[in-house]
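Participant: Next comes the sequence, and after it the predicted model I'd like to discuss.
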Amino acid sequence: MNIKHQTLGEFIIENQNAFSYSSGELTKLLNGIGLATKIVNQEVNKAGLVDLIGEVGEINVQGESQQKLDLIANKTFIDTLSKREIVCGIASEEEESFISINSQDKNHQNKYVLLIDPLDGSSNIDVNVSVGTIFSIYRRVTPVGTPVTIDDFLQKGRDQIAAGYIIYGSSTMLVFSTGHGVNGFTLNPGLGTFYLSHPNMRQPEDGSIYSVNDANSEFFEQGVNDYLSYCKKSNGQRKPYKARYVGSLVADFHRNLIKGGIYMYPGTVSDKNGKLRLLYECNPIAFLATQAGGEASDGKNSILDIEPTELHQRTPFYTGSINMIEKLHEFLGTK
């Protein structure tokens with residue numbers, strides 16, 4: 001089949017035997033995510049026309065102001081996936097605790113849990129900058145047929161069955177991996193269909209872009225600032241790196257995945273673990289990075305090896321081209 005005309009559904013069916021746990025259930029789950037993505041994409045695209053921009057005046061469990069589209073995206077993914085009974089549990093960045101989904105069909109015993117950041121970078125909606133959705137899928141560890149517990153969600157990143165993100169930008173793309181490389185699908189808005197547009201995505205080993213909010217640099221550890229100084233200076237082999245920072249993890253990572261670069265969200269003096277959530281953001285992005293030939297760490301160890309202890313755990317996060325991550329580790333003294 002010509003990959004330029006291969007749909008998301010065709011790709012999933014054709015490759016389902018390569019999944020870690022081949023089953024129609026995982027296929028339905030990935031298709032369900034694709035469906036929810038189309039619904040959220042419509043809401044994002046019409047946000048400025050129907051008063052969907054701005055805050056709702058509430059603070060979420062993360063201590064952040066909730067945007068109107070945060071709530072819409074959260075509800076859309078939860079409703080779409082729970083009503084189809086294709087997961088046994090969902091944990092969302094917008095929810096204080098996980099949601100246990102009890103199937104009405106006694107013979108249908110779901111095996112997968114979903115963790116999701118429904119709308120990453122939602123504060124950028126007001127100024128029409130790319131936002132995204134990040135998701136992570138695990139096979140449950142508690143007995144099938146019983147209600148899920150916190151243990152089903154507190155798994156290392158290496159145990160992910162699949163992970164991905166959706167970027168709502170000049171075009172809408174779904175990028176995901178089931179542990180066999182990374183593939184990107186672009187939505188044809190006229191047909192409402194995702195087509196394989198970026199097969200076997202690979203992150204360049206080197207890059208010339210660094211992405212960080214260096215307005216906080218006075219609060220970074222010395223090794224991070226030493227690396228930033230290295231990025232900003234030329235030497236006999238290269239020009240200074242280019243600074244590119246959107247403030248939406250999906251947008252920054254997507255650019256660096258394609259062009260090569262490093263994304264950094266260090267801890268600070270007041271917030272030693274930084275801002276990003278391990279389970280909803282760092283683990284799935286790290287899974288994709290390593291599948292594409294890149295790397296992701298907390299400055300000391302691989303993100304994928306961290307043992308989670310709580311649902312909304314945060315961690316410093318560095319991800320990108322493998323040679324750039326290794327150079328960062330040199331400055332941090334953790335190579």
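Facilitator: Cool, the structure landed.
Participant: Run through the helices of the stretch 1-150 of the chain in chain order.
Facilitator: 8-15, 24-45, 68-83 (DSSP state H, counting those that start in this stretch).
Participant: Rebuild those helices as JSON lines, extending it with distance to Val113 and mean pLDDT.
Facilitator: Just so you know, the C-beta spots here come from the backbone N, C-alpha and C atoms, and that holds for glycine as well. Output for those, formatted as JSON lines (distance: least, CB to CB, whole Å; pLDDT from 0 to 100):
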{"stretch": "helix 8-15", "distance to Val113": "19", "mean pLDDT": "87"}
{"stretch": "helix 24-45", "distance to Val113": "10", "mean pLDDT": "87"}
{"stretch": "helix 68-83", "distance to Val113": "11", "mean pLDDT": "89"}
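Participant: Need the contact partners of stretch 260-274.
Facilitator: Residues outside stretch 260-274 that contact it (CB atoms under 8 Å, 6 or more residues apart in numbering) are 203-213, 216, 219-221, 224, 241, 244, 249, 252-253, 255-256, 275-276, 299, 313-321, 324-325, 328.
Participant: Next one: the residue nearest the centre of the chain from Leu29, what distance?
Facilitator: Among the residues of the chain, the smallest C-alpha distance to the mean C-alpha position (CA atoms, centre = their mean) belongs to Ile134, namely 3.3 Å. Relative to Leu29, Ile134 is positioned 15 Å away (CB to CB, to the nearest Å).
Participant: circling back: which pLDDT value does the model give the residue nearest to the centre of the chain?
Facilitator: The per-residue pLDDT reported for Ile134 equals 97.
Participant: isn't it right up against Val175?
Facilitator: No: because the distance of 10.2 Å does not satisfy CB atoms under 8 Å, Ile134 is recorded as not touching Val175.
Participant: Overlap of the contact sets of these two?
Facilitator: Counting by CB under 8 Å, 6+ apart, the contacts common to Ile134 and Val175 are 164-165.
Participant: Flag the helix or strand of this structure with the lowest per-element mean pLDDT.
Facilitator: strand 55-59 (a mean of 49; mean pLDDT, DSSP states H and E).
Participant: Give me the domain ranges for this protein.
Facilitator: Per the record's domain assignment (automatic domain parsing), the chain is made up of the domains 3-198, 209-332.
Participant: Among those domains, which one carries the weakest average confidence?
Facilitator: domain 3-198 (a mean of 84).
Participant: Distance of Gly294 relative to Val224?
Facilitator: Counting by CB to CB, the gap from Gly294 to Val224 is 19 Å.
Participant: if you count what's nearby, which of the two comes out ahead?
Facilitator: Counted by other CB atoms under 10 Å, Gly294 and Val224 do not tie: Gly294 has more neighbours, with 30 against 24.
Participant: so who does that one touch?
Facilitator: Gly294 makes contact with 203, 257, 319-322, 325, according to CB under 8 Å, 6+ apart.
Participant: Leaving out the residues flanking it, which one is nearest to it?
Facilitator: Nearest non-adjacent residue to Gly294, counting by CB to CB, 6 or more residues apart in numbering: Gln203, 3.9 Å away.
Participant: Can you report phi and psi for the one you found?
Facilitator: The phi and psi values for Gln203, taken as degrees, to the nearest 10, are phi -80, psi 130.
Participant: Surely it touches His254?
Facilitator: No: Gln203 is not in contact with His254 according to CB under 8 Å; the separation is 10.8 Å.
Participant: more neighbours, the two?
Facilitator: Gln203 (27 against 23).
Participant: got a list of what the more buried one touches?
Facilitator: If a contact means CB under 8 Å, 6+ apart, then Gln203 has 256-257, 260, 289, 292-294, 320-322 as its contacts.
Participant: change it to 10 Å
Facilitator: Under the criterion of CB atoms under 10 Å, 6 or more residues apart in numbering, the contact partners of Gln203 comprise 182, 253, 256-261, 288-295, 319-322, 324.
Participant: Out of those residues, which end up buried?
Facilitator: Members of the contacts of Gln203 that pass the buried threshold by neighbour count (16 or more other CB atoms under 10 Å) are listed as 182, 253, 256-257, 260-261, 288-295, 319-322, 324.
Participant: Return the subset of those lying in strands.
Facilitator: Secondary structure defined by DSSP state E assigns 295, 319-320 of these to strands.
Participant: quick check, nearest of these to Cys231?
Facilitator: Of all those, the one with the least separation from Cys231 (CB to CB) is Gly320, at 11.5 Å.
Participant: quick one: Val250 and Gly121 touch, right?
Facilitator: Yes: in this structure, Val250 is within contact of Gly121 by CB atoms under 10 Å, at 6.4 Å.
Participant: quick one: common contacting residues for the two?
Facilitator: 130-132, 134, 167-168.
Participant: And these, which two are furthest apart?
Facilitator: Largest separation among these by CB to CB: Ser130 and Ile134, giving 13.1 Å.
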